[in-house]
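Asks: Would you be able to build a 3D model of this:
(one chain, ligands or ions: 1)
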Amino acid sequence: MVEVVDDVKVRVIPLALCLMLGSNLAANTLRVTVVATPHDSRIDSVGDAIGYWNRQLADLGLQTRLADATVVDIPAQRVRAALRDVPGDILIVLTDGDFVSFTRKDENGRSIIAIRNADDPPLSNANVARNVIAHEIGHALGLEHNGDPRMLMCGRPAPCRPKLFASDTPQMFPLTDHEKALLRAHFN
Ligand SMILES: [Zn+2]
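Replies: Just a heads-up that it's a prediction; the model follows:
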């Protein structure tokens, strides 16, 4: 079971304007802010991942949605200090670092997702970045790992690694029935 990829829905704005946005969204809308340089190829992948999650949430009969991503361009050396002032419920930082992408909560309960650089495999391989970002958003929404390599949330301690997402045709990996039940219970 795979899904085709949606149109990209992102907008790029300067940080100063970003700080004034986001107050008029519905209560069940999660604001997504992407910290990236404007021409980063992974921004498209964020749009794909948001489209995927909004289809999942709609299919589950839930009202919760991810808002279209707002992209802010912050110089790398300022990101750490600036992050606390960036609005958003889910912050996705497209870094140029070389590490295992991860999601953590900050002191205000917001989800901070750090994505590694996409210069080398596996993230440079077709179809990987959109699924890695969707996987990390899954953590932000409260999901943990499973052990099924056919599934989006497969991960440690199972031997699943991002290269399993590689594909010549765009496709998003699915959620388990258990994960869908967890999301229904959490967001209902
Ligand atoms: Zn994970």
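
Asks: Give me the below-cutoff pLDDT ranges for the chain.
Replies: 1-25 (pLDDT under 70).

Asks: beta partners of the closest residue to residue 102 other than its chain neighbours?
Replies: Among residues not flanking residue 102 along the chain, residue 114 sits closest, at 5.7 Å (Cβ to Cβ, 6 or more residues apart in numbering). Bear in mind the C-beta positions are built from the backbone N, C-alpha and C, glycine included. Assessed by DSSP bridges, residue 114 has beta-bridge partners residue 93, residue 102.

Asks: OK, contacts around residue 114?
Replies: By Cβ atoms under 8 Å, 6 or more residues apart in numbering, the residues touching residue 114 are 93, 95, 97, 99, 101-103.

Asks: Now that we have these, which of them are buried?
Replies: 93, 95, 101, 103 (16 or more other Cβ atoms under 10 Å).

Asks: Can you tell me which helices and strands the helix of greatest length in the chain packs against?
Replies: Scanning the chain for the helix with the most residues, using DSSP state H, yields helix 42-59. Under the contact criterion of 3 or more Cβ pairs under 8 Å, 6 or more residues apart in numbering; DSSP states H and E, helix 42-59 touches strand 10-13, strand 32-35, strand 65-66, strand 69-72, strand 90-94, helix 128-140, helix 177-187.

Asks: quick one: buried residues of that helix?
Replies: 42-43, 45-54, 56-57.

Asks: Noted, bye for now.
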